[in-house]
Structure formats: structure tokens, C-alpha cells
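Asker: model the following, please.
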Amino acid sequence: QVQLVESGGGLVQPGGSLRLSCAASGFTFDYYTLGWFRQAPGKEREGVSCISSSDGYTYYADSVKGRFTISRDNAKNTVYLQMNSLKPEDTAVYYCAADLPPTVQDMCLTQRGEYWGQGTQVTVSS
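Answerer: Sure, this is the predicted structure:
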């Protein structure tokens, strides 16, 4: 049974930080590209950041470059999203996903995902 379980969301003030985690099980984690996506109320889902299976190649949306960092620990079957300098416009439900895309960028831009988590709410507000 495939599972992706996100955690680490919550309420944070503008300028603050959060680290999201996504624990995976039920598939060969090492083979898959992993990604973080988000959907704000009334907006379409967007790809935030994706990371390749083995060589660590990453992609970031322009809106988060320099503030967010994606990483993965294949020994723990977990992918992380470190979010710094958070802004109110980062408020959204954040989802992790796993896929076997042609490229890392392709996964984020086309929002490919063979497996998806249930999401975790991130709210940035004073």
C-alpha cells in the first residue's frame, strides 16, 4: 500500500520558517523523483520544487527561489521542504508527490504525480 504522509505545516508569522516532511512507503523510493506542490484557496495548484531520484538535481518555482530548499533522505524514505522568509502569499495546502518523469522540471511544471499525499496546511499570517 503506497503512502505519502506530509507533516510540519502550521501557522507562522511573515518572515518565519517551517520545515515540511513527507514520509513515503509502499514503493521503491530511491527510483522516484519527488516534488512539493501547493494550492491556495481559489488558485490552481502549482509546482513548488522537485528533486531527482539520485543525482540531487533540483527545480524551484521562481516564487520560492532563494527561500525554499528541497532535500531527500533515501535511507529514511523522506523528502523535505525547508521554507524560510515565508510570506503571506505562501499560504496554501502543500502536497508531496512521487513520479518517474522525463525531467525534474517536467514534473514540477506539468504537476505529474503517480502518488500523492493528502496535504498539510501552511498559513503565513501575523
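
Asker: list the buried ones in stretch 81-90?
Answerer: Residues of stretch 81-90 classed as buried: 81, 83, 86, 90 (neighbour count, 16 or more other C-beta atoms under 10 Å). C-beta here means a position set from N, CA and C on the backbone, and glycine is covered the same way.

Asker: ignore what I typed, I meant stretch 45-57.
Answerer: 46-53.

Asker: for those, which one is nearest Ser71?
Answerer: Comparing those against Ser71 with C-beta to C-beta places Ile51 closest, at 7.1 Å.

Asker: ok, the closest one - contacts?
Answerer: Neighbouring residues of Ile51 by C-beta atoms under 8 Å, 6 or more residues apart in numbering: 33-35, 57-59, 70-72, 79, 104.

Asker: ok, the residues you listed vs Thr110, which is closest?
Answerer: Nearest to Thr110 among those is Gly35, at 10.5 Å by C-beta to C-beta.

Asker: quick check: the closest residue to that closest one other than its chain neighbours vs Trp116, distance?
Answerer: Leaving aside its chain neighbours, Gly35 sits nearest to Cys50 (3.8 Å; criterion: C-beta to C-beta, 6 or more residues apart in numbering). Look at Cys50 and Trp116: by C-beta to C-beta, to the nearest Å, they are 14 Å apart.

Asker: with that, I have no additional questions.
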